[in-house]
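Colleague: attaching a predicted model along with its sequence, questions to come.
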Protein chains: 4
Amino acid sequence: MRIGMLTSGGDAPGLNAVIRGAVLVGTSVYHHEFVGFTDGWKGLVENDTLPLTRHEVKGISKQGGTILGTSRTNPFEGRGGVDRINEVFAENRLDALIAIGGEGTLAAAKRLTDAGIRIVGVPKTVDNDLDATDYTFGFDTAVQIATEAMDRLRTTGDAHNRCMVAEVMGRHVGWIALHSGMAAGAHAILIPEQNTSMEQLCAWVQSAYDRGRAPLVVVAEGFTLDGADEPHSERGLDAFGRPRLGGIGELIAPMIEARTGIETRATTLGHIQRGGTPSAFDRVLATRLGMAAIAAVNDERWGEMVALRGTEIVRVPFEAALGSLKTVPQERYDEAALLFG
Amino acid sequence: MRIGMLTSGGDAPGLNAVIRGAVLVGTSVYHHEFVGFTDGWKGLVENDTLPLTRHEVKGISKQGGTILGTSRTNPFEGRGGVDRINEVFAENRLDALIAIGGEGTLAAAKRLTDAGIRIVGVPKTVDNDLDATDYTFGFDTAVQIATEAMDRLRTTGDAHNRCMVAEVMGRHVGWIALHSGMAAGAHAILIPEQNTSMEQLCAWVQSAYDRGRAPLVVVAEGFTLDGADEPHSERGLDAFGRPRLGGIGELIAPMIEARTGIETRATTLGHIQRGGTPSAFDRVLATRLGMAAIAAVNDERWGEMVALRGTEIVRVPFEAALGSLKTVPQERYDEAALLFG
Amino acid sequence: MRIGMLTSGGDAPGLNAVIRGAVLVGTSVYHHEFVGFTDGWKGLVENDTLPLTRHEVKGISKQGGTILGTSRTNPFEGRGGVDRINEVFAENRLDALIAIGGEGTLAAAKRLTDAGIRIVGVPKTVDNDLDATDYTFGFDTAVQIATEAMDRLRTTGDAHNRCMVAEVMGRHVGWIALHSGMAAGAHAILIPEQNTSMEQLCAWVQSAYDRGRAPLVVVAEGFTLDGADEPHSERGLDAFGRPRLGGIGELIAPMIEARTGIETRATTLGHIQRGGTPSAFDRVLATRLGMAAIAAVNDERWGEMVALRGTEIVRVPFEAALGSLKTVPQERYDEAALLFG
Amino acid sequence: MRIGMLTSGGDAPGLNAVIRGAVLVGTSVYHHEFVGFTDGWKGLVENDTLPLTRHEVKGISKQGGTILGTSRTNPFEGRGGVDRINEVFAENRLDALIAIGGEGTLAAAKRLTDAGIRIVGVPKTVDNDLDATDYTFGFDTAVQIATEAMDRLRTTGDAHNRCMVAEVMGRHVGWIALHSGMAAGAHAILIPEQNTSMEQLCAWVQSAYDRGRAPLVVVAEGFTLDGADEPHSERGLDAFGRPRLGGIGELIAPMIEARTGIETRATTLGHIQRGGTPSAFDRVLATRLGMAAIAAVNDERWGEMVALRGTEIVRVPFEAALGSLKTVPQERYDEAALLFG
């Protein structure tokens, strides 16, 4: 078989491990050939290809980013669409495509599969907001990076008796905030799924401060203050698609200071959360997903993606991951909140 | 309620996060009081106690080891036994005990519970060899440490065109070897569950070398060479309970070199795998288990332990974790082996 | 002897190692007694003390922050001054004070020493901007943290073909930018000591981009754009003493994007650079400085501070560290600039 | 100019940063051309070359190992020697050679330079045992890795009330042991330069244990027990040039346990100390040395090597680094020993 492969959307630690797992098993066990498309769907539509042999994937599972490049385009933009993609399939004599990406990618892949194009998916989201999989690769690494950063913030907070606010990724869901906050022993965690008033937040901060602790507040970038008229999740990007200057962390820090009188500083962890060497957990998960994608191709399971359930890799139809985001359930937040304040 | 707590067996990163999770929720939400017993069952039998309030658990979830200390004694040794433990319960006015430990601890806890003593368990094994839980805390940290060490070994192997052998923990099961080896891109993984001949091993090593790679072999300490008359797993400890000098890694390295002519070096990762700051994954898991142990105590679920299933914390009876070790299943090894050589 | 000790100014990784080194040697070798003053000069003026025995300094050299707390007050504020400090010396029967701090602390210490108060100094600045010492503790850790963050930024930059801008500490000098930028392979480094035009910067960015690299720009927070009417170094703090929202990194990123058309993202590393576990280099340096401070006290070298010269710890008078900042010399910048673009 | 380059001897973190620094400046500033020789002097003698352009050195400063490969051969072995090397110079039209290596390499380079061959040197030793330079690259990384490993060992030692023995690199000198031991707060440091009796060692161990600490002993691989009839430094390699099984750490651990009754475990850090990503300190130092080597070539300073003095890169004749090893001076050991026990 000849198999195309692309990575689409924001990068996530583990993308290269998926690519390597698929290519190694595909070439050495099944003698498949691979064609890499550059920069996501854009490369497919424009037929921009990279060689993708055993040589190219040597040692890449510990590298962040993606050797294929990525972008946020979709395959129906510009001169894209079903006909064009069939054309590119034909030009490259492709039998199948492995598309690695998030909800947008999987939605596009579903449309293409419904039109008869042979696609297998691998779910990708640093934010862990995809349904139908217990975890996505990249999430564990992001949580680990955020936790280590908070360990550092705490010692400087302690030295100065300050409240430290850490803004982490999570435009629509609070998984990174929930896990990193719990790991770092946060005194408050603010996530998009939960309304939390400034009164409540300051009560938690004050309670920790009164016990002699330097309060740590973790806030997901998509959190909105209760009563604010405009959701911050809408504010996430400016007209150029860039994160707006001054995120929610920088917004609430002076509000905490004004209400409690406790000196407060904000840090936005930003892009460091999604770059660099993946954790061992993510490398194992991503490698297994890449290998499982080849098995799914072998079995001609078009329209399905590979996913983690418990300790097993399973297959689910694209639609299982679409429709609704996987948000933090109430009981998980309540569990974490028992440790606040 | 007054609740006793002890940690038993080899230490594992995350023990302190369990203790903190339980004590924080127990004291601040349910107004329980806690009594810490030092050095495992020994402290219980000898009634050696430590105070265990919110103050003692401040900031400990990121610390390795256990603030309670641990040892490998069991509660029936010496002057121990059901009567003595009932006595210590009475002296400390205990309503319940939370025992954090591995298979030995849970087996002892089962005997005591059968005799009417009120115990809830938290499973602990760095080796991840306990049934009835998807993962145990400490395992992720050990895999991460081993993976980082292998990343380092690979660069020095590459510089010298050497085969590097890394011996990791795993006296009876190969989980750490499997995961760290897969994460580090090992060319061969040797685990106690699988017979692997020296011919097969050297074929994998030679194949990687012939492609210009510096071969990486990961071996679990409990692996035995096919045909050897005496299991290495029996050789694990010497008369003083110490790991024997010269483990399996140091045994096979010269054998590889002799057969293949490829310069080969062994490194035994040893005790660094179980010490130090837990990973964020382990801190979250351990914190949740500690909190769930309190809920189980509140619900008087004596004879049960808390465990991870998928993303949920569940309760299972002690006996579910006893009887047989959780070994690496054939399909997981076969999956990994697709990448060997 | 009875020796007071305080830490003043912004915290720096290694403060606790200084304290531990001094207290361990002071108590166990010379049988001195110690009095810790909380939160810098404030604690001295208000006679707020902490016990400071061997017990308190157990295991702290690997902890960030300072167990004594710190603040930016000076000893002449409020009811402070020479008389008050003599009073506190008398109340605590102090023979000497070890003051650990930056230029402000050393300047205050000089005034007090000139008035007859027995003080020995230990220089502290994360920014490495103090004259009379080759390096200060905390600097190596900050450079390491910044470098690791940039390693992460590069992989996500590569995946998206983006220019990444990293803003690092350095209000008045560019040492952290110079070293972390050189370590991370930056394509441009902007420091307060050097005027760099937007044309020059964009030429470097474009050159790297044209070679297929994702450009990395490192900018010290105190850098000012050539021709800007107001120095950013003055803009560093807002009316509340907080870093102003939107630092120089966030200012120049859209300017780069507008001029070059290359998608550009800024990350402000912020407080994570000064917190957390010190590097081994900083722990060794700080421990040696703490021990040397005791030797200086023993020798009654009031008005002197301990400092690093080559591999040796030497003593220099306070005034040697005052007057002018240690800026990045032209030849060091020129050396680094050979690698730009 | 056409410049040859080789790396020789054991690998050290930073080798690639030297290569990159030299090649980037050499090609982009001076339009030199480079020829890489594989596996040290062996590649030179056998004229095995690698291309070495800007492309090959892209992003390598953060990689451990050496892209040129290395070996322990010397240029006078086999068919080597002055005539052969002149021949290879001629075949490759070389104007100069940059040799990166330790004492053996520099001694060989001196012989060749004395015979008229144009060589500039860059000193390399993880052990930091070369005279005429304050530090060598790789040393800081090794100390950092060893320190992090000891931080881990301490928590497991504490949990079990054990004495932990960590064996680190240092066949002839104790620099890594001294610095990592001081950074990790060791209770005893054993180095080749110092005779230490088992009585003294056990007194330190017992003293720490009696204060409730888990004793940490750091021992350099080349340390010999006082009174032992055969130096361990001679025992370092077996007949195959491999480190002998059971180093000094594993030798003394049971002796400590036998004398003190304190359970004692040894860990040999081994090859992980010299592999992997270099620290920021080493990347800066190595990059500067590589650039300075080009400047020395430009100035035709044959027979000289570049070195670190204070914060400056200087040039010294090869002979300054030969003759005697840079050992740990008595006053540095005495300083560290104030913290023992």
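Modeller: Structure received. As the structure is a computational prediction, the values presented were derived from the model and not from experiment. Residues are numbered from 1 along each chain as shown, chains lettered A, B, ... in the order given.
Colleague: going by C-alpha atoms from here, please, whenever you check contacts or count neighbours.
Modeller: Fine.
Colleague: all strands for the stretch 1-150 of chain A, in order.
Modeller: For the stretch 1-150 of chain A, the strands defined by DSSP state E, counting those that start in this stretch occupy A:2-7, A:33-37, A:49-51, A:96-101, A:119-123.
Colleague: now do the strands in the stretch 151-300 of chain A.
Modeller: Counting by DSSP E, counting those that start in this stretch, the stretch 151-300 of chain A has strands at residues A:163-168, A:188-190, A:216-220, A:264-268.
Colleague: run through the residues that contact the nearest residue to residue A:215 once chain neighbours are set aside.
Modeller: Among residues not flanking residue A:215 along the chain, residue A:163 sits closest, at 4.6 Å (C-alpha to C-alpha, 6 or more residues apart in numbering or on different chains). Taking C-alpha atoms under 8 Å, 6 or more residues apart in numbering or on different chains as the criterion, residue A:163 is in contact with A:157, A:205, A:214, A:215, A:216, A:217, A:262, A:263, A:264, A:265.
Colleague: and the closest residue to the first one other than its chain neighbours, how many neighbours?
Modeller: What that stands for is residue A:157. Leaving aside its chain neighbours, residue A:157 sits nearest to residue A:214 (5.5 Å; criterion: C-alpha to C-alpha, 6+ apart). Using other C-alpha atoms under 10 Å in any protein chain shown, residue A:214 has 27 neighbouring residues.
Colleague: contacting residues around residue A:214?
Modeller: Residue A:214 sits in contact with A:154, A:157, A:158, A:161, A:162, A:163, A:164, A:208, where contact means C-alpha under 8 Å, 6+ apart.
Colleague: rerun that using 7 Å as the cut-off
Modeller: Contact partners of residue A:214, counting by C-alpha atoms under 7 Å, 6 or more residues apart in numbering or on different chains, are A:157, A:158, A:161, A:162, A:163.
Colleague: highest neighbour count among these?
Modeller: The residue in the contacts of residue A:214 with the most neighbours, by other C-alpha under 10 Å, is residue A:163 (29 neighbours).
Colleague: across the sheet, point out what pairs with that residue.
Modeller: Bridge pairing for residue A:163 (DSSP bridges) gives the partners residue A:264.
Colleague: how about the helices in the stretch 151-300 of chain A?
Modeller: A:175-184, A:198-210, A:232-235, A:248-260, A:280-298 (DSSP state H, counting those that start in this stretch).
Colleague: model confidence for the residue of the stretch 1-150 of chain A found nearest chain B, exactly?
Modeller: Nearest to chain B, among the residues of the stretch 1-150 of chain A, is residue A:144, at 5.2 Å (C-alpha to the nearest C-alpha). Note on residue A:144: pLDDT of 98.
Colleague: so how far is chain D from the residue lying closest to residue A:270 once chain neighbours are set aside?
Modeller: Computed as C-alpha to C-alpha, 6+ apart, the closest residue to residue A:270 that is not its neighbour in sequence is residue C:267, at 6.2 Å. Distance of residue C:267 to chain D, given as C-alpha to the nearest C-alpha, to the nearest Å: 19 Å.
Colleague: residue A:300 too?
Modeller: 39 Å.
Colleague: ok, residue A:40 next?
Modeller: Residue A:40 is 24 Å from chain D, by C-alpha to the nearest C-alpha.
Colleague: any residues touching stretch A:49-59, and which ones?
Modeller: A:20, A:23, A:24, A:34, A:35, A:36, A:37, A:38, A:43.
Colleague: JSON lines for the residues you listed, including neighbour count?
Modeller: Shown next, in JSON lines, are the contacts of stretch A:49-59 (neighbours: other C-alpha atoms under 10 Å in any protein chain shown):
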{"residue": "A:20", "neighbour count": "28"}
{"residue": "A:23", "neighbour count": "29"}
{"residue": "A:24", "neighbour count": "25"}
{"residue": "A:34", "neighbour count": "24"}
{"residue": "A:35", "neighbour count": "21"}
{"residue": "A:36", "neighbour count": "26"}
{"residue": "A:37", "neighbour count": "25"}
{"residue": "A:38", "neighbour count": "24"}
{"residue": "A:43", "neighbour count": "22"}
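Colleague: what's the most distant pair in the residues you listed?
Modeller: Farthest apart among these by C-alpha to C-alpha are A:24 and A:43. That separation is 22.2 Å.
Colleague: what residues does the residue nearest to the spatial centre of chain A make contact with?
Modeller: Closest to where the C-alpha atoms of chain A average out (C-alpha atoms, centre = their mean) is residue A:126, at 1.5 Å. Residues in contact with residue A:126, defined by C-alpha under 7 Å, 6+ apart, are A:12, A:136, A:137, A:138, A:139, A:142.
Colleague: which bits of the stretch 101-250 of chain A sit near chain B?
Modeller: Contacts of the stretch 101-250 of chain A with chain B, taken as C-alpha under 7 Å from any C-alpha of the partner chain, map to A:134, A:143, A:144, A:147, A:179, A:180, A:182, A:183.
Colleague: what is the neighbour count of the closest residue to the fourth one other than its chain neighbours?
Modeller: Spatially, and ignoring its direct neighbours in sequence, residue A:147 is nearest to residue A:180 (5.0 Å; C-alpha to C-alpha, 6+ apart). When neighbours are counted by other C-alpha under 10 Å, residue A:180 registers 28.
Colleague: shouldn't residue A:180 be in contact with residue A:148?
Modeller: No: in this structure, residue A:180 is not within contact of residue A:148 by C-alpha atoms under 7 Å, at 8.8 Å.
Colleague: list the contacts of the residue of the stretch 101-250 of chain A found nearest chain D.
Modeller: When distances are taken as C-alpha to the nearest C-alpha, the stretch 101-250 of chain A reaches nearest to chain D at residue A:148, 14.8 Å away. Residue A:148 makes contact with no residue under the criterion C-alpha under 7 Å, 6+ apart.
Colleague: so what's residue A:168 closest to, chain neighbours aside?
Modeller: Distances taken as C-alpha to C-alpha, 6+ apart place residue A:220 nearest to residue A:168, at 5.0 Å, with adjacent residues excluded.
Colleague: for stretch A:33-53, which residues meet the burial criterion?
Modeller: Residues of stretch A:33-53 classed as buried: A:33-50, A:52-53 (neighbour count, 16 or more other C-alpha atoms under 10 Å in any protein chain shown).
Colleague: repeat for stretch A:188-196
Modeller: Buried residues in stretch A:188-196, counting neighbours by 16+ other C-alpha under 10 Å, are found at A:188, A:189, A:190, A:191, A:192, A:193, A:194, A:196.
Colleague: over to stretch A:210-226?
Modeller: Counting neighbours by 16+ other C-alpha under 10 Å, one finds that the buried residues in stretch A:210-226 are A:213-225.
Colleague: same thing with stretch A:299-308?
Modeller: Neighbour-count burial for stretch A:299-308 [16+ other C-alpha under 10 Å]: A:301, A:302, A:303, A:304, A:305, A:306, A:307, A:308.
Colleague: columns distance to residue B:29 and pLDDT on top of the contacts of residue A:163, output as JSON lines?
Modeller: Shown next, in JSON lines, are the contacts of residue A:163 (distance: C-alpha to C-alpha, whole Å; pLDDT from 0 to 100):
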{"residue": "A:157", "distance to residue B:29": "26", "pLDDT": "96"}
{"residue": "A:205", "distance to residue B:29": "17", "pLDDT": "98"}
{"residue": "A:214", "distance to residue B:29": "21", "pLDDT": "96"}
{"residue": "A:215", "distance to residue B:29": "19", "pLDDT": "98"}
{"residue": "A:216", "distance to residue B:29": "20", "pLDDT": "98"}
{"residue": "A:217", "distance to residue B:29": "20", "pLDDT": "98"}
{"residue": "A:262", "distance to residue B:29": "26", "pLDDT": "98"}
{"residue": "A:263", "distance to residue B:29": "28", "pLDDT": "98"}
{"residue": "A:264", "distance to residue B:29": "27", "pLDDT": "98"}
{"residue": "A:265", "distance to residue B:29": "29", "pLDDT": "97"}
